[in-house]
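K.L.:
Generate coordinates for the sequence data below:
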Amino acid sequence: MSELTHTRLWRPNLIVFISSACTMIVELVAGRIIAPYVGVSLYTWTSIIGVVLAGISLGNYSGGKLADRWASLRLLGGIYLLAGLSCLSILAMNQLSDLVPNSWPIVVKILVLATALFFAPSAFLGMVSPIVAKLAVRDLAETGSTVGKIYAAGAAGSIVGTFATGFVLISWFGTRAIVWGVAFVLFALGSLLLLSSRRRLLFLTALIVATVSALTIRTGWLRGICTLETNYFCIKVEEREQDGKPVRVLILDRLVHSFTSLDDPTVLVYIYEQMYAEATAYQAKRQDDMRALFIGGGGYTFPRYMEALYPDSELDVIEIDPGVTQVAYEKLGLSRDTSIVTYNQDARLFVEQSPSQVYHLILGDAFNDYSVPYHLTTREFNERVRAWLADDGLYIVNIIDGPSGDFLRAYIYTMRQTFRHVYLAPTIESWRRAPRSTFVIIGTDVPLDLGAFKANSYLTGRLMSEQEVDALLAEGKVETLTDYYAPVDQMLAPVFRDQMSNASSED
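P.N.:
Have a look, this model is predicted:
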């Protein structure tokens, strides 16, 4: 290498810093890119982390072999160009997902997609450190110091990449723009490292970059599939027909979360919403100034329902994602003049405050597919909910589980430690045979007057007796979910593993 290149471009610590930062950016973005297709679960992140680490390991090994034989800035530049190209391939997620058969088990699909998209970038970026270390060591007496600085620079890059992605980049630019930015940085660094080679090679590199860039823009890979991408979800809104009527569908990652009629806010599609409506009517007969708190806003379907039928009620919504609230205003019919008050924060932080008032209804709908915020399932959380609930109030929540019922049993058992009466209603009668089902659970200190419900009520028609619930709890091991022990992901793992990827909506 020339002396000019050696003095102006050769910054080994900076080079490793950049490659490590790019690796972590790609790893964190991977979960957001895959989520709309396979959801977010323990399996998703396990697969991504495992694939990235496998790529880095192979890259370290291969990079060391290459370094011993051909270590040079030209080799390093070529590896950066390959890393940039492999990062651009991530943007082909839409096309690749179509090639993976829907009949495959969801776990296999996750592994295939994660490997196809993220293994190569991780492997190429993993080659950088051993080659840089080989080039940087000039004096054997200072090998430890030199290699130590390179490792430290790599760790610092990983830290910066992690914080920048989680706190800034995703919310500012979105995942696809971030991937393109990483590819551009890698292309630029690779081109600089190739400056010492012949101009023909540099020209060829520029031509490849320009061609790939034009292809990326022309195919629309940068646009993605999200109506709005936030730190929490890929939010999509679609137009569909339900029972011959137009509705708007809110999709959070891959889960169909709500159906909303812009013309009639009293339209409820899901059975669990019908059960919520029946419990709300029950409470409305007993309360003149009903107050309700919603844990999770989603499409604001049920808050709009209550606002339409019970205009004098006080309605508060805790929705962690401001983007979901924004979409509800812009595309799901939530009026800017609504009396519904929204708090964009984590529900746990909200209920940890000293109660400023009590609610007659607290309705939980914050569990997204199999991605369950475990801190909203624990005994400690239930106790805080109880503090905000009126003496005769109802805490109603819907959860998803399969026929084994591991999570269901734990959730009911935990609820019983806070509330004197806990009721369980499956939304489908065949839940024992279904791969997954939705259940409505009600916790209260005052027993329900079941005679006050309509004879054809969804809720009372499917409500399990106390003896049936006891028998369900006796079917297997039950755990108390606490802030210190809540293995919710593990409890739901068998359900998720058996669920095929084409099952994207709940009952």
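K.L.:
Show me what the host helix or strand of Val469 packs onto, helices and strands only.
P.N.:
Assigned by DSSP states H and E, Val469 falls within helix 466-473. Under the contact definition 3 or more Cβ pairs under 8 Å, 6 or more residues apart in numbering; DSSP states H and E, helix 466-473 sits against helix 406-415, strand 421-426. All C-beta atoms are positioned from the backbone trio N, CA, C, and that covers glycine.
K.L.:
mind putting those in JSON lines, distance to Tyr232 included?
P.N.:
Formatted as JSON lines, those follow (distance: least, Cβ to Cβ, whole Å):
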{"stretch": "helix 406-415", "distance to Tyr232": "22"}
{"stretch": "strand 421-426", "distance to Tyr232": "29"}
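K.L.:
so which of the ones you listed is the most packed in?
P.N.:
helix 406-415 (a mean of 23; mean count of other Cβ atoms under 10 Å).
K.L.:
now the angle from it to helix 466-473?
P.N.:
Angle, helix 406-415 to helix 466-473, by axes from the mean of the first three to the mean of the last three Cα atoms, to 10 degrees: 120 degrees.
K.L.:
pull the CA atoms of helix 406-415 into CSV?
P.N.:
Extracted in CSV, the C-alpha atoms of helix 406-415 (Å, rounded to 0.1, in the frame of the first residue of the first chain):
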residue,chain,number,x,y,z
ASP,A,406,-50.0,-23.2,30.2
PHE,A,407,-50.3,-19.4,30.0
LEU,A,408,-54.0,-19.4,30.5
ARG,A,409,-53.7,-21.4,33.8
ALA,A,410,-50.9,-19.2,35.1
TYR,A,411,-52.8,-16.0,34.2
ILE,A,412,-56.0,-17.2,36.0
TYR,A,413,-54.1,-18.5,39.0
THR,A,414,-52.3,-15.2,39.3
MET,A,415,-55.6,-13.2,38.9
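K.L.:
what's next to it, contact-wise?
P.N.:
Under the criterion Cβ atoms under 8 Å, 6 or more residues apart in numbering, residues 372, 377-379, 382, 399, 401, 422, 424, 439, 441, 443, 469, 472-473, 475-481, 488, 491-492, 494-495 lie in contact with helix 406-415.
K.L.:
Mind doing that once more with 7 Å?
P.N.:
377-379, 382, 399, 401, 422, 424, 439, 441, 443, 469, 472-473, 476, 478-481, 488, 491-492 (Cβ atoms under 7 Å, 6 or more residues apart in numbering).
K.L.:
pLDDT averaged over the longest strand along the chain, what's the number?
P.N.:
Longest strand of the chain, by residue count under DSSP state E: strand 389-401. Across strand 389-401, the average pLDDT comes to 95.
K.L.:
Weed out the non-buried ones from the contacts of helix 406-415.
P.N.:
Neighbour counting with 16 or more other Cβ atoms under 10 Å marks 377-379, 382, 399, 401, 422, 424, 439, 441, 443, 469, 472-473, 478-479, 481, 488, 491-492 as buried within those.
K.L.:
what's the following helix or strand after the longest helix seen in the chain?
P.N.:
For the chain, the helix with the greatest residue count under DSSP state H is helix 42-70. Per DSSP H and E, the first helix or strand lying C-terminal to helix 42-70 is helix 73-88.
K.L.:
show me where pLDDT drops low in the stretch 301-450 of the chain?
P.N.:
368-370 (pLDDT under 70).
K.L.:
now the strands for it?
P.N.:
Remark: strands assigned in the stretch 301-450 of the chain by DSSP state E, counting those that start in this stretch are 314-318, 341-343, 359-364, 389-401, 421-426, 437-444.
K.L.:
As a markdown table, these with distance to Leu58 would be great.
P.N.:
Compiled in a markdown table, the strands of the stretch 301-450 of the chain are given as follows (distance: least, Cβ to Cβ, whole Å):
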| stretch | distance to Leu58 |
| --- | --- |
| strand 314-318 | 45 |
| strand 341-343 | 47 |
| strand 359-364 | 44 |
| strand 389-401 | 37 |
| strand 421-426 | 47 |
| strand 437-444 | 42 |
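K.L.:
Of all those strands, which one is nearest Tyr37?
P.N.:
Proximity to Tyr37 (Cβ to Cβ) singles out strand 389-401 among those, at 18.8 Å.
K.L.:
what comes into contact with that closest one?
P.N.:
For strand 389-401, using Cβ under 7 Å, 6+ apart, the contacting residues are 272, 276, 279, 283, 358-365, 367, 370, 385, 407-408, 411, 419, 436-446, 492, 495, 506.
K.L.:
Give me the buried subset of these.
P.N.:
Of the contacts of strand 389-401, these count as buried by 16+ other Cβ under 10 Å: 272, 276, 279, 283, 359-365, 367, 370, 385, 407-408, 411, 419, 436-445, 492, 495, 506.
K.L.:
per-domain residue ranges of this protein.
P.N.:
As given by automatic domain parsing, the domain ranges for the chain are 3-223, 259-498.
K.L.:
pLDDT below threshold where in the stretch 151-300 of the chain?
P.N.:
Residue ranges of the stretch 151-300 of the chain with pLDDT under 70: 195-224.
K.L.:
for it, what spans make up the helices?
P.N.:
Here the stretch 151-300 of the chain has its helices, by DSSP state H, counting those that start in this stretch, at 170-173, 175-193, 199-219, 271-284.
K.L.:
and Ser62, how many neighbours does it have?
P.N.:
Around Ser62 there are 17 other residues, counting by other Cβ atoms under 10 Å.
K.L.:
how close does it get to Ile49?
P.N.:
20 Å (Cβ to Cβ, to the nearest Å).
K.L.:
Ala83 too?
P.N.:
In terms of Cβ to Cβ, Ala83 sits 19 Å off from Ile49.
K.L.:
One more: Leu349?
P.N.:
Counting by Cβ to Cβ, the gap from Leu349 to Ile49 is 28 Å.
K.L.:
correct me, but Ala284 touches Asp312?
P.N.:
No: counting by Cβ atoms under 7 Å, Ala284 stays clear of Asp312, with 9.9 Å between them.
K.L.:
ok, these two, which is more surrounded?
P.N.:
Between Ala284 and Asp312, counted using other Cβ under 10 Å, Ala284 has the larger neighbour count: 18 against 9.
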